[in-house]
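>>> Coordinates only, no sequence provided:
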């Protein structure tokens, strides 16, 4: 959507989609009742927005098109709107469309019932941990992930508003695969951050105005691997935004803060299988907070890590797997969820976690009652090793 569309235009677009979805709720039947139960954890409504930066104008037409009958329900449409100056932000973890989840590209919503929790927020975001290509040369590493450009449209239909590709699998298929991913980004129905034709593009924030709040989102990878070594974006070369170039990342955040009310940094960071953040994570989180980040969130470890407040900044050290291609060898790796923040006048005033469990098909399924409480309780306990304090509303 272009800058001139205005907040009310996008609000009306979302309301129109909501009306269509309400007319089709009978199709979902029992499955949608389960969705509604899971979404009780997330009591927010979508607001209007304008946007600038990497998002193409085609998003306007895509957003306004007819929604499939099985897209996320519009329970949020009936809730009172947040006051002007307040925005809700929803985040989830790693997403793949390969192996057992490849067929999700033919199913709406691709992210399953938890799409409702994402769609209920003013802005939502996930990490697409794949190259977008059918070509290229597999890099000398153990795991390789790729998908087609239709994955971005599938994520949009699942209620996702932006995608990060700043991760250690975005360039699994080398320079040709990277070129294809960048081509997909240019025509994507949702903005893609953390990857670009050069460093200026890779570190460029996605920005939009939601309910009178100017939002900026920056993404980067702190994982030191072949991708960060060989395909880090530079002044003249394409690649991912690297958090290993800390001065460059901090400058991007400070520059974003100069014109935005709320700045989100989505990182790929941590150590696989470790549910406590390492010193490098804590160090960069502190620097990003000092640079003006409202929230610092991320993925990579394949398990959830703790979250909470670092001074004025909300930090989530790891969301874990979300739409997951296979099994992980780590305990509790199937536990996941959607975290929704309420930000009022630039400050996080509420954090709500909607628990889920990745099922045998790789799809996150809402967990309520005692099962949901067990996941939530364990997630709360993960804060003990983070040095963070409890967020508001927890």
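Now that the structure is in, tell me what you want to look at. Remember, predicted model here, so these are calculated numbers, not experimental data. Numbering: from 1, shown residues only.

>>> got a list of what residue 381 touches?
By C-beta atoms under 8 Å, 6 or more residues apart in numbering, residue 381 lies in contact with residue 306. Glycine gets a C-beta too; all of them are placed from N, C-alpha and C.

>>> can you confirm it is in a helix?
Yes. Looking at residue 381 with DSSP: H, G, I helix; E, B strand; the rest coil, it is inside a helix.

>>> quick one: pLDDT of it?
At residue 381, the model reports a pLDDT of 98.

>>> Check residue 61 too.
28.

>>> Over to the one 10 residues further on?
Looking at residue 71, its pLDDT reads 46.

>>> Can you find the helix or strand of the protein with the lowest average pLDDT?
Within the chain, confidence by mean pLDDT, DSSP states H and E is lowest for helix 58-64 among all helices and strands, at a mean of 28.

>>> Quick check: what element follows it along the chain?
Remark: after helix 58-64, the chain's next helix or strand is strand 86-95, criterion DSSP states H and E.

>>> any idea of the mean pLDDT in that following strand?
The model assigns strand 86-95 a mean pLDDT of 98.

>>> Would you mind listing the buried residues in it?
Neighbour-count burial for strand 86-95 flags 86-95 (criterion: 16 or more other C-beta atoms under 10 Å).

>>> Which residue ranges of the protein form helices?
7-23, 25-28, 30-39, 58-64, 115-119, 150-157, 174-186, 199-202, 226-230, 246-257, 279-291, 369-381 (DSSP state H).

>>> Between all of the buried residues of strand 86-95, which two are separated the most?
86 and 94 (28.7 Å; C-beta to C-beta).

>>> Surely residue 280 and residue 222 touch.
Yes. The pair residue 280 / residue 222 is scored as a contact, 6.7 Å apart, by C-beta atoms under 8 Å.

>>> got any residues that touch both of those two?
residue 269.

>>> who's more crowded, the two?
When neighbours are counted by other C-beta atoms under 10 Å, residue 280 and residue 222 differ, and residue 222 comes out ahead with 22 against 16.

>>> for the longest strand seen in the chain, packing partners?
Across the chain, the longest stretch assigned as strand under DSSP state E is strand 347-358. Contacting strand 347-358 under the criterion 3 or more C-beta pairs under 8 Å, 6 or more residues apart in numbering; DSSP states H and E are the following elements: helix 30-39, strand 313-316, strand 335-344, strand 364-366, helix 369-381.

>>> Okay, buried residues for it please.
348, 350-358.

>>> Direction included, what does that strand pair up with?
Using DSSP bridges, the strands paired with strand 347-358 are strand 335-344 (antiparallel), strand 364-366 (antiparallel).

>>> who wins for proximity to residue 318 among those?
strand 335-344 (10.3 Å).

>>> Quick check: end-to-end length of stretch 293-309?
12 Å (C-alpha to C-alpha, to the nearest Å).

>>> on that earlier part again, which one of the helices and strands packed on strand 347-358 has the lowest average pLDDT?
helix 30-39 (a mean of 36).

>>> quick revisit: same question for the longest strand of the chain, mean pLDDT?
Per-residue scores along strand 347-358 average to 98.

>>> now do stretch 250-265
98.

>>> who touches it?
Under C-beta under 8 Å, 6+ apart, the answer for stretch 250-265 is 87, 89, 125, 203-205, 207, 213-220, 241, 249, 287-288, 291-297, 343, 345-346.

>>> As TSV, the buried residues of strand 347-358 with distance to residue 172 would be great.
Shown next, in TSV, are the buried residues of strand 347-358 (distance: C-beta to C-beta, whole Å):
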residue	distance to residue 172
348	34
350	37
351	33
352	34
353	31
354	30
355	30
356	26
357	27
358	22
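
>>> List just the nearest of these to residue 321.
residue 358 (5.9 Å).

>>> Now do the closest residue to that closest one other than its chain neighbours against residue 361, distance only.
Of all residues not flanking residue 358 in the chain, residue 334 sits nearest, at 4.2 Å (C-beta to C-beta, 6 or more residues apart in numbering). Distance, residue 334 to residue 361, using C-beta to C-beta, to the nearest Å: 12 Å.

>>> and those two? which has more neighbours close in?
residue 334 (22 against 14).

>>> Contacts only, for the more buried one.
For residue 334, counting by C-beta under 8 Å, 6+ apart, the contacting residues are 321, 324, 328, 357-358.

>>> what's the answer for residue 246, then?
Contacts of residue 246 by C-beta under 8 Å, 6+ apart are 284, 287.

>>> do you know how far it is from residue 266?
For residue 246, the distance to residue 266 - C-beta to C-beta - is 16 Å.

>>> Please apply the same query to residue 343.
From residue 343 over to residue 266 (counting by C-beta to C-beta), the distance is 15 Å.

>>> And residue 281, by the same measure?
Counting by C-beta to C-beta - residue 281 and residue 266 are separated by 13 Å.
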